[in-house]
Every structure is written in structure tokens, then in C-alpha cells.
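[1] For reference, the sequence and a predicted model appear below.
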Amino acid sequence: MAELNYMREADILRLLDNPNTLPTIEWTDIATVHDDRRALLVTSPSAETQFGNLSHNFNFSDHRMITGGDAEYIDHLIKDKPDTSVMYAVGGGRVIDIARLLASRWEMEVTAIPTIISTDALFVKSTGVRENGCVHYVRSKRADRVLLDWNLLRLSPQTLNAGGCCDVLSIYTAPWDWNLTETRQAWKKPNEHYTPLVAEQAAGILNYLLSHADEIRAMSYAGLESIVRSLAMEVELCNVHGNSRCEEGGEHFFAYALEPHLPHTTHGELVGLGILVTAYMQGQPWQNMREFMDTIGMSYRPKGISEQRITQTLKIMQAYVTQHNLRYSIWNEYIYNESASQEFLRTINL
């Protein structure tokens, strides 16, 4: 694995001590949770099936089925306010991401019940909205509670839960881009100066996740808990520091550029591929990241991906990050070269 700065686990876990910047997180048996209040269920078709008989513990008087994620779709949802005071968001990252935005606009309490651990959307207070071929973040709200049920999560395929590691694995490439931004003095905002201490803390969180590869592969309680803890610590670090530069860089931007062309894939697959591609372009060893992804069963080959699609994406990356005013990264300096691209494809052998 990469030689990253090391922090003791106890030091890292102290990042979770501030309850004001994270929702209440509780591991529980959802079958024992009951709520008689008139509630709105926000979910997806697959998540609703997985939630199954557990739904009878709640008084769901209305529901919203999430099937999209672009700005027009979300605007339509916002206009249809339900006659309830509480919301339960049951599903993966997209469901919970959009539900928190709806709850913010409707001034509603929202509890998240994930059916997969796919992103850090469980813990953040912004929502990714797809518009004009890119992801833009708008302010929403944190979930008031996150209820985690080990048995419910284990009903999802291994690869989907493993994909939740992506927003922590991105710490491998994002600080490199952050440091490059400092070198080029290309900050977007005054508070985005490179901070070595934050980069070191982020590396410690990454190492914490990497050290739990065997548990994650087994999808044990300890494995799932390590993913949740890592994501929560990553979000907490970003909250304390004031921006997400330590975990979002060129790997996410590559994923954003790919996403419109691969609609039937997941955030984890897209960012996982983005980490490998971006690490290669940065001149960092990428094999150790792929080894970890292979070990835990995380997919980094999105459905529909091909050498042609990767090549087409590489060709547009410099223009793409400029067009969408994304933070400075290796892609601002990348110039497509046909022979270099073929060499890259042979080397990384996706």
C-alpha cells in the first residue's frame, strides 16, 4: 500500500467527537423502530423492495420514488410538497442526497435509513445536482438521524457497499491536486489554501480504511462500520476545515465527465475509475489503489465503459474542467496525446 502519513486510530476517531457537524448516527435493528407520525417515504424501486416488511413499523401517508437526479427533475419534486412533518429517506446515495434537499426546502425533519453505504451523502449538508453535463453542489441540510441496520445493509451486493469506500479512497489523489493548486496559486476561494496538517489528517483517515481491507471483504459488522466511520471522519474533517479539497479533486471531475455517458452505473464505480486514472496522470503509483479495490470487491469498471469512452473523456478533460469552473487539478494541465493515451490504456489495462 502507499506510504502515507500515519495517525493513531484513537486520534482519528476524535474527529467524530463533535456532534454539531454530523447527524446522530445509530446502529440499530430497524424492526424495533416504530414511528406513528404521518411520514413521507422517499425511496427508490430497489430500496423499497429491500426495505420490505420493515415499512409497516412507520405511518407512511405519502411517498416519493426517486428515479432521476438532474436539476429539472429535482425542481419538479420540490414543487410537490406533501402534507407531512417528517421524512424517512430509504435507499442509497442518490435517494438520501435528494431527500435532504427536499427536507431543507420543505423545512422537514429527515431520517436516513441507507440500504447501501455508497457515498458520503449520509453525512453532508449539500446535494449534488446534475446540470449541463456536470455535478454542482447546492446547500441542503444534514440528515437529523442516520439509522444503520447491519442486516439490512447486508442484503445489498458486496460491490455496492464496497463502493462506499470511494469518497475516502479519493484522499489518495485529491490532496495531490490541492497541493498543485497551491503551487500554481490557482485557488477559487480564499479559504482553499493548501493546509499540510489537514492533508496529513486526511491521509490518516485513508490509512484507517485501508487497514480494514479484510473486514470489508468479509462484509462483517466491523467492515461496514469501518466504511461508515471513515466516511463520517472524512466529512467531519471537511466541515472543520471549511472545504472538501482534501477529498475531492481530479478523480471526481473525471467521474463527473463520464457520468452523463454511463447512466446505469454507480458513484463508487465512477470515482473508483477516476482515482486510478487520475493517480496515473499525477505520476503516483496507482496499483496499490487497484489492489485494495480488488481485495474488497469494489468495482471500478462502470457498466458500459470502454477504451473508446475513456479516450473520448481524456480528450475533453482540460476543456471540461475549465467550462464548468471546477477547482484546479491535474486536468487543467493535461494535454491529450494519442500515443500517450494508448500507452496509458496498455499500462492500466482496465
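    Perfect, thanks for sending it.

[2] Going by C-alpha atoms from here, please, whenever you check contacts or count neighbours.
    Will do.

[3] OK, contacts around Asp214?
    223, 295-296 (C-alpha atoms under 8 Å, 6 or more residues apart in numbering).

[4] mind checking pLDDT for the one residue sitting closest to the centre of the chain?
    Centroid-nearest residue in the chain: Thr119, 3.1 Å away (criterion: C-alpha atoms, centre = their mean). Model confidence at Thr119, given as pLDDT, is 93.

[5] isn't it right up against Gly268?
    Yes - with contacts counted by C-alpha atoms under 8 Å, Thr119 reaches Gly268, the gap being 7.2 Å.

[6] quick one: Ala89 is in a helix?
    No - read with DSSP: H, G, I helix; E, B strand; the rest coil, Ala89 is strand and lies in no helix.

[7] Give me the common contacts of Thr119 and Gly268.
    With C-alpha under 8 Å, 6+ apart as the test, Thr119 and Gly268 both reach 163-167.

[8] Tell me which of those residues fall in strands.
    Within those, no residue falls in strands by DSSP state E.

[9] quick one: which of those residues is nearest to Asn132?
    Nearest to Asn132 among the shared contacts of Thr119 and Gly268: Asp167, at 23.1 Å, using C-alpha to C-alpha.

[10] Buried residues of the longest helix anywhere in the chain, list them for me.
    Secondary structure of the chain read by DSSP state H shows that its longest helix is helix 221-241. By neighbour count on 16 or more other C-alpha atoms under 10 Å, the buried set for helix 221-241 is 223-238.

[11] just stretch 125-134 next, same as before
    125-130, 134.

[12] what are the ranges of the helices in the stretch 101-250 of the chain?
    Along the stretch 101-250 of the chain, counting by DSSP state H, counting those that start in this stretch, helices occupy 150-153, 158-162, 166-169, 174-184, 196-210, 213-218, 221-241, 250-258.

[13] Compare those helices and give me the one nearest Arg64.
    Among the helices of the stretch 101-250 of the chain, the nearest to Arg64 by C-alpha to C-alpha is helix 150-153 (20.7 Å).

[14] ok now do the nearest residue to Ala47 once chain neighbours are set aside, which residues does it touch?
    Excluding the flanking residues, the one nearest Ala47 by C-alpha to C-alpha, 6 or more residues apart in numbering is Gly91, at 4.9 Å. Residues near Gly91 by C-alpha under 8 Å, 6+ apart: 43-44, 47-48, 113-116.

[15] Now, of these, which are buried?
    43-44, 47-48, 113-116.

[16] circling back to that earlier point, so which of the helices of the stretch 101-250 of the chain comes closest to Met87?
    helix 150-153 (19.1 Å).

[17] How about the closest one, which residues are buried there?
    Buried residues in helix 150-153, counted by 16+ other C-alpha under 10 Å: 150, 152-153.

[18] how about the strands in the stretch 1-150 of the chain?
    24-27, 35-43, 58-65, 86-91, 109-114, 126-131, 134-139, 145-148 (DSSP state E, counting those that start in this stretch).

[19] Reformat the helices of the stretch 101-250 of the chain as a markdown table; add distance to Arg37 and mean pLDDT.
    Output for the helices of the stretch 101-250 of the chain, formatted as a markdown table (distance: least, C-alpha to C-alpha, whole Å; pLDDT from 0 to 100):
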| stretch | distance to Arg37 | mean pLDDT |
| --- | --- | --- |
| helix 150-153 | 23 | 94 |
| helix 158-162 | 31 | 94 |
| helix 166-169 | 34 | 98 |
| helix 174-184 | 43 | 97 |
| helix 196-210 | 38 | 97 |
| helix 213-218 | 36 | 97 |
| helix 221-241 | 28 | 95 |
| helix 250-258 | 39 | 98 |
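
[20] the domain parsing of this protein - what is it?
    29-148, 158-348 (automatic domain parsing).

[21] measure the longest one end to end?
    Between the opening and closing residues of domain 158-348 there is a gap of 24 Å (C-alpha to C-alpha, to the nearest Å).
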